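Chemist: What shape does this take:
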Amino acid sequence: MRYLIYVIISMAITLMAIATGCKPGQQPQADDEPGCSSRYTLEAAMSIYDKEPEKALAILDSAVKRGNIDTIKADIFRARIFSSSCATRNLDTAQRLCEKLVQLKDIQENPDERFDLLEQLVDITRKRQNDEMLLHWARQLAALCHERGDTVEALRTKAEIGLSLCHQGNREDGMETLDQAISLLEKANKFNQLDAYIIAAKRKILALNEGREYNKVIPLAKNILGRLADYEAHPEAYNDHSYRMPGNAADRDKYIKFYQAQAYSYIAYALARVGNKQEARHYTRLFEQSDLGHTYIGRMMIAPTWFELRETDKMMAIYDEAKLVMGSDTVNEEYALMLRRLAIIAKDRGDYAVSQQYWERVSHLSNQLYQQKLTSKAHEYAARFHAQEQQLALQQSQAKEAWLWLLAISCMVIALLTGAFAIYFFKQLRVMAEKNHVLVQQIAWGIESDVKLLKAQEAARVNSPSQVHDGDDDCAWLQQLDSEQLFQYLSQEIVQNKMYLDPTFSRQTIIKAFNISERLIGAAFSRSKYNSLPDFIRTCRLNHACLLLENQPQMSISEVATSSGFTNLSVFCRDFKNRFTVTPTVYRSQRNADD
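Modeler: Numbers count the residues shown, from 1 in each chain. The predicted model follows:
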């Protein structure tokens, strides 16, 4: 009966839509206010996106509502706005948008829009230092360039692939790929070729610096200067009307000075590393006198050279500025490198206590980065799944609209509704199964990451001077630890000795074993990510249960619960589902299916 009513209403809406000349789902457009429509266009948004990104996004939303731009094109430029930022959150959003869009059929059939999105994905993954994904998207971009017959753009992308291979440890293939791209662009006689050569040379310089081949950097950077000088002297000879070419003399001058300044910085750093301090200072001064040298980005670029030349006041000034710019977004390799250099400078000045503080921060940040790397694949998988889920939702929406349209003119309304319902039902079942599959993989990866992190922490604790207390019968030294250190020690002891498997384990067990007060135990665990000792023990037991479910298929769920320290099956099942969203049975079936 409900479906019949739905059919009647749908037919009525469709007939009204036909009568008014609108397609189903299309809303009648209200007249814009006089003089307002020109303010809500793609051009208006993109003219300010680099200076006022939030306002540009609002203009895009209004342009979509007024029908001035379609949703797909708006999303393409939303991604561009987000990717123009270096903030981790904005880059995540941009990557999700691009990955969703690049899979759409309309985009696949439009080479220009697909090129734009793939170029954005390469840029985003470079900023995020995700070489695995950069290599994935760069190879697709290079293949598309070859399909379009754009050899220069393909070589530009080939340089990205070469550097990414070097970052991933495949240095021989990476350097060979870079050399191939540079050799084909070396005799550049048009602007687009010159620009691609400069980019490829810069990528090789980064690879050479990583390999500490500084003597090879100097001639390559000087070659960039020579090509720029020739372009400055004969601009008309390089004119190819490509979209990358500067539009006027002022833009050309800005372009030349920008890349000249970068070349100065590369030469200065290489000279400093090979011991030629006097000439290094000469190129450093050239850089500092450039327009780029007066910017924050420029000063961050030359800071490593200041460090090598021990111009510490300049280096520390820009690093103080960098701390303000980064704010709380400091979990990255660049910030870790800054801390290392500050520690070395403090030691050189005799400030050993300050140096030790910096090294402790470096150690803590290194642990964070290590854990971040362990879970990066899981995050990427989740992001791709989210993009696929959005694409599926869009496809379902489009299918529903087409279904309703056919419903109005079809004589087999009930049959079509039944068939569509069945398709939808099985799609939902499949989506649920895929969600469970991904969720279980993420759980397993999370447990594996926790185990590796605990092993790393245990190794660090064994190598730490504080371990002189290990084996003492008197645990009074534990009273001297702060809450974080005490939590690290107790948690490692509990996990290493599998104390959590004892069903009678409680706070009194720790008090008796380590002779410390209940207050200290409560403070140690309440300030950890687990909030309390029971929460930590529950997490250990559930992780142990996951391993048993995966590796001991002959054990029943009840036996797994008992072997993991739970005294009650219903409590085990409830806690398992509260934490992992799936039941123990579903977890076991999914892990067995993966095997």
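Chemist: following the helix or strand Leu57 falls within, which helix or strand comes up?
Modeler: Taking DSSP states H and E as the definition, Leu57 sits inside helix 53-65. Tracing the chain past helix 53-65, the next element assigned as helix or strand by DSSP H and E is helix 71-83.
Chemist: Run a quick neighbour tally on Gly149.
Modeler: Other residues within reach of Gly149, judged by other Cβ atoms under 10 Å, total 8. Where C-beta positions appear, they are placed from N, C-alpha and C, glycine not excepted.
Chemist: For it, give me phi and psi.
Modeler: Main-chain dihedrals, Gly149, degrees, to the nearest 10: phi 80, psi 20.
Chemist: cool, and His241?
Modeler: Dihedral angles for His241 - degrees, to the nearest 10 - are phi 60, psi 20.
Chemist: Tell me the pLDDT of Glu434.
Modeler: With respect to pLDDT, Glu434 scores 66.
Chemist: An error on my part: the question was meant for Asn209.
Modeler: 93.
Chemist: my guess is it contacts Tyr269, does it?
Modeler: Yes. The pair Asn209 / Tyr269 is scored as a contact, 7.3 Å apart, by Cβ atoms under 8 Å.
Chemist: Quick check: neighbours shared by the two?
Modeler: Val217 (Cβ atoms under 8 Å, 6 or more residues apart in numbering).
Chemist: Neighbour count for those two, which is higher?
Modeler: The neighbour comparison of Asn209 against Tyr269 (other Cβ under 10 Å) goes to Tyr269, with 29 against 17.
Chemist: ok, now how distant is the residue nearest to the more buried one when sequence neighbours are not counted from Gln554?
Modeler: Ranked by Cβ to Cβ, 6 or more residues apart in numbering and with sequence neighbours excluded, the top spatial neighbour of Tyr269 is Thr305, at 4.5 Å. Distance from Thr305 to Gln554, counting by Cβ to Cβ, to the nearest Å: 64 Å.
Chemist: Which one's more surrounded, these two?
Modeler: Thr305 (26 against 5).
Chemist: Pull the residues that contact whichever strand or helix holds Leu324.
Modeler: For Leu324, the host element (DSSP H and E) is helix 312-326. Contacts to helix 312-326, defined as Cβ under 8 Å, 6+ apart, come from residues 296, 299-300, 303, 306-307, 330, 335, 338, 341-342, 345, 349.
Chemist: Tell me the buried residues in the helix or strand encompassing Gln193?
Modeler: If you go by DSSP H and E, Gln193 is part of helix 191-210. Neighbour-count burial for helix 191-210, counted by 16 or more other Cβ atoms under 10 Å, picks out 191-209.
Chemist: one step back: so can I have TSV of the contacts of helix 312-326 showing distance to Gly162 and neighbour count?
Modeler: Shown next, in TSV, are those (distance: Cβ to Cβ, whole Å; neighbours: other Cβ atoms under 10 Å):
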residue	distance to Gly162	neighbour count
Tyr296	29	12
Arg299	29	21
Met300	25	16
Ala303	26	23
Trp306	29	24
Phe307	28	23
Thr330	30	16
Tyr335	27	19
Met338	27	25
Arg341	28	19
Leu342	33	22
Ile345	34	19
Arg349	40	11
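Chemist: Mark which of these are part of helices, please.
Modeler: Tyr296, Arg299, Met300, Ala303, Trp306, Phe307, Tyr335, Met338, Arg341, Leu342, Ile345 (DSSP state H).
Chemist: Distance of the second one relative to His282?
Modeler: For Arg299, the distance to His282 under the criterion Cβ to Cβ works out to 18 Å.
Chemist: What of the fourth one?
Modeler: Separation of Ala303 from His282 (Cβ to Cβ) stands at 18 Å.
Chemist: Burial check on Val102, number of neighbours?
Modeler: 21.
Chemist: Report pLDDT for it.
Modeler: 88.
Chemist: And for stretch 270-283, what's in contact with it?
Modeler: With Cβ under 8 Å, 6+ apart, stretch 270-283 has contacts from 209, 212, 214-215, 217-218, 221, 264-265, 267-269, 305, 308-309.
Chemist: So which residue is smack in the middle of this protein?
Modeler: Centre of the chain computed as the mean C-alpha position; nearest residue by Cα atoms, centre = their mean is Arg128, 4.9 Å away.
Chemist: what's the closest non-adjacent residue to Glu119?
Modeler: Leu141 (6.3 Å).
Chemist: tell me, how many neighbours does the one you found end up with?
Modeler: 25.
Chemist: ok, now how distant is it from Leu184?
Modeler: Taking Cβ to Cβ, one finds Leu141 at 17 Å from Leu184.
Chemist: now Tyr358
Modeler: 45 Å.
Chemist: that older thread, surely the residue nearest to Glu119 and Arg156 touch.
Modeler: No. Judged on Cβ under 8 Å, Leu141 makes no contact with Arg156 at a distance of 9.3 Å.
Chemist: before we move on, the earlier item: in PDB, please show the C-alpha coordinates belonging to the helix holding Gln193.
Modeler: What follows is helix 191-210 as a C-alpha-only set of coordinates in PDB (Å, rounded to 0.1, in the frame of the first residue of the first chain):
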ATOM      1  CA  PHE A 191      59.500  28.400 -23.000                       C
ATOM      2  CA  ASN A 192      57.500  25.300 -22.100                       C
ATOM      3  CA  GLN A 193      60.600  23.200 -22.600                       C
ATOM      4  CA  LEU A 194      62.700  25.600 -20.500                       C
ATOM      5  CA  ASP A 195      60.200  25.600 -17.700                       C
ATOM      6  CA  ALA A 196      60.000  21.700 -17.700                       C
ATOM      7  CA  TYR A 197      63.800  21.600 -17.700                       C
ATOM      8  CA  ILE A 198      64.000  23.800 -14.700                       C
ATOM      9  CA  ILE A 199      61.500  21.700 -12.800                       C
ATOM     10  CA  ALA A 200      63.300  18.500 -13.700                       C
ATOM     11  CA  ALA A 201      66.600  20.000 -12.700                       C
ATOM     12  CA  LYS A 202      65.200  21.100  -9.400                       C
ATOM     13  CA  ARG A 203      63.900  17.500  -8.700                       C
ATOM     14  CA  LYS A 204      67.300  16.100  -9.500                       C
ATOM     15  CA  ILE A 205      69.000  18.600  -7.100                       C
ATOM     16  CA  LEU A 206      66.700  17.500  -4.300                       C
ATOM     17  CA  ALA A 207      67.700  13.900  -5.100                       C
ATOM     18  CA  LEU A 208      71.400  14.800  -5.200                       C
ATOM     19  CA  ASN A 209      71.200  16.600  -1.800                       C
ATOM     20  CA  GLU A 210      69.500  13.500  -0.300                       C
END
